[in-house]
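Peer 1: Here is a sequence with its predicted model. Questions after.
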Amino acid sequence: MATSDSGTPVIRLARIFKKYTRDATPVEALRGIDLVIHSGEFTAIMGRSGSGKSTLLHVLGLLDAEYEGEYWFDGELVSGRTADQLAPLRNRAIGFVFQSFHLLAPLTILENVALPALYARRLTPTQCREVARQRLAQMGLADRLTHRPKELSIGQRQRVAIARALVNEPRVILADEPTGALDSRTADEILGIFQQLHRDGVTIVMVTHDQVIGAATERIIHIRDGRSDDGGS
């Protein structure tokens, strides 16, 4: 994984506010969030439904640029940029793992995992497939490269999603309820993969409502009514 050569946090948020309108009613989704994530940390973001967790994850993942406040990613100020300006950085530096996997059904799992590398245009198509093959082997799926998502178990699909998130060697993995759709045994297996990635030095931020999953991370940040308990240290 890519690492920083300084003590600069991977992520630093300062006074992030996010408002939107629901049924003609203003909603304050984030209310002055301060947050610091350092390289190599395994952090859980926890809170009740509607607390602002998903909104925060969209900001962290550079998927939502419409907010007030300042966001530094790897020491670089990214707040104020347009969605088009953020897209290359998001593709290169952030890997996403979702509860519902977001795999493309017509493609093989090798093709699914290679896609972010192809979009990045830093490697040849042959090199993209080779990197994807390596990541799938890391997830124990070396013998399933030509299978399509519907031919895999739910747990195997999440392994594919993790492999895809890793393919560009991102600075941070953002995981949104990655065990939410899994049975307890499979959830434990997926958690074990994240714990191994953490031991390997990968920076992980995971949104979860599961207290057991949260307790297995290095650090928990609680979100309540759009505010966090992070000290920003």
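Peer 2: Sure, I can see it. Residues are numbered from 1 along each chain as shown.
Peer 1: residues in contact with the longest helix seen in the chain?
Peer 2: Identified as the longest helix of the chain according to DSSP state H is helix 184-199. Applying Cβ atoms under 8 Å, 6 or more residues apart in numbering, the contact partners of helix 184-199 are 40, 42, 139, 153-155, 158-159, 162, 166, 173, 175, 178-179, 182, 204, 206, 210, 213, 216, 218. Glycine gets a C-beta too; all of them are placed from N, C-alpha and C.
Peer 1: These, buried ones only, as a PyMOL selection?
Peer 2: Only the buried entries of the contacts of helix 184-199 go into this PyMOL selection, using 16 or more other Cβ atoms under 10 Å:
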select buried, resi 40+42+139+155+158+159+162+166+173+175+178+179+182+204+206+210+213+216
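Peer 1: Helices - which of the contacts of helix 184-199 land there?
Peer 2: Per DSSP H, the contacts of helix 184-199 map to helices at 154-155, 158-159, 162, 166, 213.
Peer 1: JSON lines please, covering these and showing distance to Ile33 and pLDDT.
Peer 2: Below are the ones in helices among the contacts of helix 184-199 laid out as JSON lines (distance: Cβ to Cβ, whole Å; pLDDT from 0 to 100):
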{"residue": "Ile154", "distance to Ile33": "32", "pLDDT": "94"}
{"residue": "Gly155", "distance to Ile33": "33", "pLDDT": "94"}
{"residue": "Gln158", "distance to Ile33": "28", "pLDDT": "95"}
{"residue": "Arg159", "distance to Ile33": "31", "pLDDT": "95"}
{"residue": "Ile162", "distance to Ile33": "27", "pLDDT": "97"}
{"residue": "Leu166", "distance to Ile33": "27", "pLDDT": "96"}
{"residue": "Ile213", "distance to Ile33": "22", "pLDDT": "91"}
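Peer 1: rewinding a little: in the longest helix of the chain, what's buried?
Peer 2: Those would be 186-187, 189-191, 193-194, 197-198, for helix 184-199 by 16+ other Cβ under 10 Å.
Peer 1: Now it: average pLDDT?
Peer 2: Average pLDDT, helix 184-199: 94.
Peer 1: Nearest the geometric middle of the chain, what residue?
Peer 2: Taking Cα atoms, centre = their mean as the criterion, Leu174 is the residue nearest the geometric centre of the chain, at 1.4 Å.
Peer 1: any idea how far it lies from Glu111?
Peer 2: According to Cβ to Cβ, to the nearest Å, Leu174 and Glu111 sit 23 Å apart.
Peer 1: ok, Met206 touching Ile37?
Peer 2: No - counting by Cβ atoms under 8 Å, Ile37 is not a contact partner of Met206; they are 11.4 Å apart.
Peer 1: Identify the contacts common to those two.
Peer 2: Here Met206 and Ile37 share the contacting residues Thr43, scored by Cβ under 8 Å, 6+ apart.
Peer 1: What are the boundaries of the strands in this protein?
Peer 2: Along the chain, counting by DSSP state E, strands occupy 11-22, 25-37, 42-46, 68-73, 76-77, 94-98, 172-176, 204-207, 219-224, 227-228.
Peer 1: Show me the contact partners of the fourth one.
Peer 2: The list of residues contacting strand 68-73 from outside it, by Cβ under 8 Å, 6+ apart, reads 9-18, 32-33, 59, 62, 77-79, 89, 93, 171.
Peer 1: Are any of the residues you listed buried, and if so which?
Peer 2: Among the contacts of strand 68-73, those buried by neighbour count (16+ other Cβ under 10 Å) are 9-13, 16, 18, 33, 59, 62, 78-79, 89, 93, 171.
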